[in-house]
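1. Predicted model, plus sequence, below.
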Amino acid sequence: MVLARPEVDARPAKDAAARAARSARVRGGAVRGALAALPAAFFALFFAYPVAAIVGRGLKGDEGWRLGRLGEVLTRPDILDVLWFTTWQALASTALTLLVALPGAYVLARFDFPGRRVLRAVVTVPFVLPTVVVGTAFLALLGRGGLLDEAWGVRLDTTVWAILLAHVFFNYAVVVRTVGGLWAQLDPRQEEAARVLGASRLAAWRRVTLPALGPAVAAAALMVFLFTYTSFGVVVILGGPAYRTLEAEVYRQTAQLLDLPTAAVLTLVQFAAVGCVLALHAWTVRRRESALRLVDPAGTARRPRGAGQWALLGGVLASVALLLMLPLGVLVARSLDASGGLGYYRALRSVEASGGTFTAPPLQAVWNSLQFACAATAVAVVVGGLAAAALTRRAGRLVRGLDALLMLPLGVSAVTVGFGFLIALDEPPLDLRSSWFLVPLAQALVGVPFVVRTMLPVLRAVDARLREAAAVLGASPLRAWREVDLPMVRRALLVAAGFAFAVSLGEFGATVFIARADHPTLPVAVARLLGRPGELNYGQAMALSTILMVVCAVALLLLERVRVDGKGEF
């Protein structure tokens with residue numbers, strides 16, 4: 001006689017597991033809301049409040065809000081000229097950048113050749129350089145006494161071509177990183193299958209690859225447009241008084257003319273334009289993330305085949321050498337004195353050599369910048385890391401709205417933020433005007449978006465079931481993050497910190513207002529030296545720019561050694 005095994009009812013265990021999983025999700029949602037609280041408070045206090053303060057100071061009078069000022073300013077011919085130039089130069093810069101950089105994105109995505117990783121790092125160096133350094137490098141190449149002036153008597157400074165070329169130089173890496181990163185993960189067999197079915201190479205690329213790349217190209221174009229629409233340092237140095245973007249005009253109205261109502265109106269216009277661009281960018285990023293099947297990029301690159309592909313590789317290398325490396329090489333050459341020595345660098349150690357421009361040796365600006373950038377990096381990593389953790393999963397409109405808020409400092413006038421700091425943060429308990437920490441706070445606002453965009457894709461790639469399993473086993477959310485997420489995102493955290501350090505080091509628009517005269521940052525010191533006549537001041541500006549370029553380049557090369565998976569938008 002065979003005895004039947006009694007059946008064990010598994011439902012209670014399953015119900016308990018389901019309840020534990022639901023409880024973990026509820027706790028996770030609460031934790032994400034708590035994580036989002038600090039970044040939201042940081043941006044409300046050090047971004048929204050200063051911007052609102054300066055806009056309110058400009059548009060609010062004794063009788064109330066003077067909204068009629070909007071129409072008065074926006075119908076002025078000089079302001080219309082600024083708006084028109086800002087828009088068309090941004091469109092032209094975006095089109096020219098795509099034209100020059102898309103071949104580079106293809107080469108780095110599809111070709112495997114010696115020095116590929118070095119080339120990838122080299123093309124990214126300009127993106128992390130301060131705009132003051134970019135402007136200075138092109139001034140040494142295109143300006144009075146520059147390479148073109150000495151060789152052919154051609155000067156392009158104070159022309160729109162200098163601005164456009166500098167914008168291509170600065171934004172080349174945006175296209176390569178955004179488009180090339182996706183291109184490397186597209187399965188090449190789809191295009192090959194179209195060719196087997198009779199399509200030409202061009203037709204296969206147009207019908208198969210281009211639609212897949214469309215969202216990435218659109219996202220890159222929108223980011224380039226955003227950076228060029230809000231261009232400040234490049235336009236101030238290369239454009240002269242003849243060309244002014246909205247950002248440069250806000251600075252002129254605020255610092256030189258003290259016309260706060262006009263500056264407030266222009267800030268609102270720029271805010272609205274940036275909001276539209278960021279909304280479009282978020283939509284294209286969602287399309288890029290959800291509409292494609294991607295493969296391992298390690299298996300899509302191959303050695304160039306045929307004369308045409310080798311010619312394309314040679315053309316890309318030549319364009320990188322001429323457009324990216326030549327300005328930096330000329331900058332280094334101009335930092336040397338007439339005998340090819342280090343006289344300008346030695347002069348940086350003397351107060352007298354600056355001709356009264358500084359109350360401390362200009363070289364002190366290097367130490368100041370490193371201190372400020374380290375403090376700003378710590379703030380950006382904490383705030384951006386918490387925000388990225390909160391945004392890992394979709395958790396309601398408020399948390400999703402935080403994503404767009406974190407990107408606003410990249411597009412809203414840094415000049416407005418800096419001047420807003422002086423106006424808003426002048427009373428206890430937030431009287432920070434005399435505090436050295438004011439500069440790192442302004443720099444951290446620019447660093448946080450890079451931390452978020454670097455960390456977020458990596459955090460979203462962590463399997464949520466690992467967190468749920470840890471929660472079921474009794475781990476608290478903090479311990480689950482420490483034991484599950486942190487080991488997987490440690491490298492991304494280092495990359496995010498590196499990018500935050502590089503962009504903080506070069507922040508100029510806000511710090512030009514709030515950096516103290518006896519503690520200037522490197523970009524502010526360069527701008528001051530360029531604003532004074534004399535060969536020695538010019539040489540010292542080139543020397544400081546070279547130092548700043550080397551520090552940023554070293555930081556980026558170290559990041560490329562740490563980065564192994566290529567995740568993150570920057």
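-> The structure has been received and is ready for your questions.
2. And the helix or strand encompassing residue 528, what does it pack against?
-> If you go by DSSP states H and E, residue 528 is part of helix 522-530. When contacts are defined as 3 or more CB pairs under 8 Å, 6 or more residues apart in numbering; DSSP states H and E, helix 522-530 sits against helix 131-142, helix 233-238, helix 364-390, helix 511-514, helix 535-562. All C-beta atoms are positioned from the backbone trio N, CA, C, and that covers glycine.
3. Nearest to residue 104, out of the ones you listed?
-> helix 535-562 (16.2 Å; CB to CB).
4. any idea how far the helix holding residue 528 is from the chain center?
-> 21 Å (CA atoms, centre = their mean, to the nearest Å).
5. Give me the neighbour count for residue 192.
-> By other CB atoms under 10 Å, 12 other residues sit near residue 192.
6. what does the helix or strand it falls within contact?
-> Assigned by DSSP H and E, residue 192 belongs to helix 188-196. Helix 188-196 is touched from outside by 110, 201, 203, 204, 205, 207, 208, 209, 300, with contacts defined as CB atoms under 8 Å, 6 or more residues apart in numbering.
7. and of the residues you listed, the nearest to residue 385?
-> Nearest member of the contacts of helix 188-196 to residue 385, counting by CB to CB, is residue 300, at 31.4 Å.
8. tell me which residues of the helix holding residue 528 are tucked away?
-> 522, 523, 524, 525, 526, 527, 528, 529, 530 (16 or more other CB atoms under 10 Å).
9. Next, the contact list for residue 156, please.
-> Counted by CB under 8 Å, 6+ apart, residue 156 has contacts 142, 143, 148, 162, 165.
10. cutoff 10 Å now
-> By CB atoms under 10 Å, 6 or more residues apart in numbering, residue 156 lies in contact with 138-139, 141-143, 146, 148-149, 162-165, 238.
11. which of those count as buried?
-> Listed as buried from these are 138, 139, 141, 142, 143, 146, 149, 162, 163, 164, 165, 238; burial here means 16+ other CB under 10 Å.
12. can you put the residues you listed in TSV and add pLDDT?
-> Formatted as TSV, the buried ones among the contacts of residue 156 follow (pLDDT from 0 to 100):
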residue	pLDDT
138	85
139	80
141	84
142	82
143	78
146	74
149	75
162	87
163	89
164	91
165	90
238	83
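13. from those, which two are the most distant?
-> 149 and 164 (18.7 Å).
14. coming back round to it: looking at the contacts of helix 188-196, which are in helices?
-> Among those, DSSP state H puts 110, 201, 203, 204 in helices.
15. and residue 371, how many residues sit next to it?
-> Residue 371, neighbours per other CB under 10 Å, totals 15.
16. Now do it against residue 505, distance only.
-> Distance, residue 371 to residue 505, using CB to CB, to the nearest Å: 11 Å.
17. for residue 379, same thing?
-> On the measure of CB to CB, residue 379 and residue 505 end up 14 Å apart.
18. And the two? Which one has more around it.
-> Legend: neighbour count by other CB under 10 Å for residue 379 and residue 505, higher for residue 505 (26 against 22).
19. Now do the closest residue to that one other than its chain neighbours, the pLDDT please.
-> For residue 505, ignoring the flanking residues on the chain, the nearest one in space by CB to CB, 6 or more residues apart in numbering is residue 373 at 4.3 Å. Looking at residue 373, its pLDDT reads 90.
20. Do I have it right that residue 249 meets residue 86?
-> Yes: using CB atoms under 10 Å, residue 249 makes contact with residue 86 at a distance of 8.2 Å.
21. Spell out which residues are contacts of both of those two.
-> What both residue 249 and residue 86 touch, as defined by CB under 10 Å, 6+ apart, is the set 235, 266, 270.
22. who's in contact with the second one?
-> When you say that, I think you mean residue 266. Going by CB under 10 Å, 6+ apart, residue 266 touches 58, 73-74, 79, 82-83, 86, 246-247, 249-250, 252-254, 259, 413, 415-416.
23. Among those, which ones are in helices?
-> Per DSSP H, the contacts of residue 266 map to helices at 58, 73-74, 79, 82-83, 86, 246-247, 249-250, 415-416.
24. In JSON lines: the residues you listed, plus pLDDT, neighbour count and distance to residue 333.
-> Supplementary listing: the ones in helices among the contacts of residue 266 in JSON lines, determined by pLDDT from 0 to 100; neighbours: other CB atoms under 10 Å; distance: CB to CB, whole Å:
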{"residue": "58", "pLDDT": "76", "neighbour count": "24", "distance to residue 333": "45"}
{"residue": "73", "pLDDT": "82", "neighbour count": "22", "distance to residue 333": "44"}
{"residue": "74", "pLDDT": "83", "neighbour count": "14", "distance to residue 333": "45"}
{"residue": "79", "pLDDT": "87", "neighbour count": "19", "distance to residue 333": "40"}
{"residue": "82", "pLDDT": "88", "neighbour count": "22", "distance to residue 333": "35"}
{"residue": "83", "pLDDT": "90", "neighbour count": "18", "distance to residue 333": "38"}
{"residue": "86", "pLDDT": "91", "neighbour count": "26", "distance to residue 333": "33"}
{"residue": "246", "pLDDT": "85", "neighbour count": "27", "distance to residue 333": "34"}
{"residue": "247", "pLDDT": "83", "neighbour count": "26", "distance to residue 333": "30"}
{"residue": "249", "pLDDT": "85", "neighbour count": "25", "distance to residue 333": "34"}
{"residue": "250", "pLDDT": "84", "neighbour count": "29", "distance to residue 333": "34"}
{"residue": "415", "pLDDT": "77", "neighbour count": "29", "distance to residue 333": "32"}
{"residue": "416", "pLDDT": "79", "neighbour count": "29", "distance to residue 333": "37"}
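25. could I get those as JSON lines with distance to residue 324?
-> Compiled in JSON lines, those are given as follows (distance: CB to CB, whole Å):
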{"residue": "58", "distance to residue 324": "40"}
{"residue": "73", "distance to residue 324": "39"}
{"residue": "74", "distance to residue 324": "38"}
{"residue": "79", "distance to residue 324": "35"}
{"residue": "82", "distance to residue 324": "29"}
{"residue": "83", "distance to residue 324": "31"}
{"residue": "86", "distance to residue 324": "25"}
{"residue": "246", "distance to residue 324": "27"}
{"residue": "247", "distance to residue 324": "24"}
{"residue": "249", "distance to residue 324": "29"}
{"residue": "250", "distance to residue 324": "29"}
{"residue": "415", "distance to residue 324": "28"}
{"residue": "416", "distance to residue 324": "31"}
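26. Go through the residues you listed and say which is closest to residue 350.
-> So of the ones in helices among the contacts of residue 266, ranked by how close each gets to residue 350 (CB to CB), first place is residue 415, at 31.3 Å.
27. and the gap between the nearest residue to the closest one once chain neighbours are set aside and residue 346?
-> Nearest non-adjacent residue to residue 415, counting by CB to CB, 6+ apart: residue 251, 4.5 Å away. From residue 251 over to residue 346 the distance is 33 Å, taken as CB to CB.
28. who's more crowded, these two?
-> Remark: of residue 251 and residue 346, residue 251 carries more neighbours, 25 against 14, as counted by other CB under 10 Å.
29. what about the helices in the stretch 1-150 of the chain?
-> All helices of the stretch 1-150 of the chain, identified by DSSP state H, counting those that start in this stretch, fall at 11-43, 49-59, 68-74, 77-110, 116-128, 131-142, 147-152.
30. Return the most buried member of those.
-> Highest mean neighbour count among the helices of the stretch 1-150 of the chain (mean count of other CB atoms under 10 Å): helix 131-142, with a mean of 27.
31. I'd like the helices of the stretch 1-150 of the chain written out as CSV, with distance to residue 559 added.
-> Formatted as CSV, the helices of the stretch 1-150 of the chain follow (distance: least, CB to CB, whole Å):
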stretch, distance to residue 559
helix 11-43, 23
helix 49-59, 30
helix 68-74, 43
helix 77-110, 16
helix 116-128, 8
helix 131-142, 18
helix 147-152, 30
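32. Nearest to residue 350 among those would be which one?
-> So among the helices of the stretch 1-150 of the chain, helix 131-142 is nearest, using CB to CB, at 20.9 Å.
33. and the gap between the residue lying closest to residue 389 once chain neighbours are set aside and residue 41?
-> Nearest-residue entry for residue 389: residue 35, 5.1 Å, with adjacent residues in sequence omitted and distances by CB to CB, 6+ apart. Separation of residue 35 from residue 41 (CB to CB) stands at 12 Å.
34. All set now, cheers.
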